[in-house]
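1. Any chance you could fold what I've pasted below:
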Amino acid sequence: MIVADGGSSDGTDKLAAGLCDRLVESQRSRAVQMNAGAHAAHGEILWFVHADAELPAQCLDEIARIMADSNVVGGYFRIRLPQGLIYRLTDSFAHYAGMLLRMRCGDHGIFCRRTAFADVGGFPTVPLMEDVEFFRRLHRCGHVVHSQKRIVISPRRYEAIGRARLTFAYGFIATLYILGVPLSMLAPIYKRMCCDCCSRHR
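-> Numbers count the residues shown, from 1 in each chain. Predicted coordinates:
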């Protein structure tokens, strides 16, 4: 278990150091942090998990089952938000629209073979959606499988901004991405719709 810390100032590094096999420190950037963690790993299967995720039971056995097929280069889990109609629509939309568009974000706990990670060049250092870019490259590399097991993700951003509002924001940004809007233009839109509002509600 490797924790990639991006220069946190809240004591995360000290807490994590006693709970993981290795603590890797890097500059603050999700792509840089995940690439640094992958570089420090020795296993043949890499699994990228957000720190605030609640993992399903027997998740490692599930990954081993999926990756036993030599034709599979990677996979991911479905996500689950707490109870509520908007949340059910959100995680269902994320799954089925994601399958159609071949889009997955880091919340889904993407895993892959080390060889595939190297082949696609790791996570690209882009201003936004580095996980989606990585996932789409992984898809072009070979067969990607999803597990029906659910990773429970934190609803804190939804609760701060508003469930319907954030669901719309994510859908809007994903649509612009599919239409080919450059990530450099999407980044300030994401910050305004999904981050600045969150800061104002704290």
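2. in stretch 73-92, what's buried?
-> 73, 74, 75, 76, 77, 78, 79, 80, 81, 87, 90, 91 (16 or more other CB atoms under 10 Å). (Glycine included, C-beta is placed from N, CA and C.)
3. for stretch 63-75, same thing?
-> So stretch 63-75, judged by 16+ other CB under 10 Å, has buried residues 63, 66, 67, 72, 73, 74, 75.
4. now, which of the buried residues of stretch 73-92 sits nearest residue 183?
-> If you rank the buried residues of stretch 73-92 by distance to residue 183 using CB to CB, residue 76 comes first, at 21.0 Å.
5. next helix or strand past the one helix or strand that closest one maps to?
-> Per DSSP states H and E, residue 76 falls inside strand 72-80. Using DSSP H and E, the helix or strand that follows strand 72-80 in sequence is helix 85-101.
6. Need the CA coordinates for that following helix. CSV is fine.
-> Coordinates of the C-alpha atoms in helix 85-101 are reproduced here as CSV (Å, rounded to 0.1, in the frame of the first residue of the first chain):
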residue,chain,number,x,y,z
LEU,A,85,-33.0,9.8,-5.9
ILE,A,86,-30.4,12.3,-7.2
TYR,A,87,-27.6,10.0,-6.0
ARG,A,88,-29.1,7.0,-7.7
LEU,A,89,-29.5,8.9,-11.0
THR,A,90,-25.9,10.2,-10.6
ASP,A,91,-24.2,6.8,-10.1
SER,A,92,-26.4,5.2,-12.7
PHE,A,93,-25.7,7.9,-15.3
ALA,A,94,-22.0,7.7,-14.4
HIS,A,95,-22.0,4.0,-15.2
TYR,A,96,-24.1,3.7,-18.3
ALA,A,97,-22.9,7.0,-20.0
GLY,A,98,-19.4,6.1,-19.0
MET,A,99,-19.7,2.7,-20.8
LEU,A,100,-21.1,4.4,-23.9
LEU,A,101,-18.5,7.1,-24.0
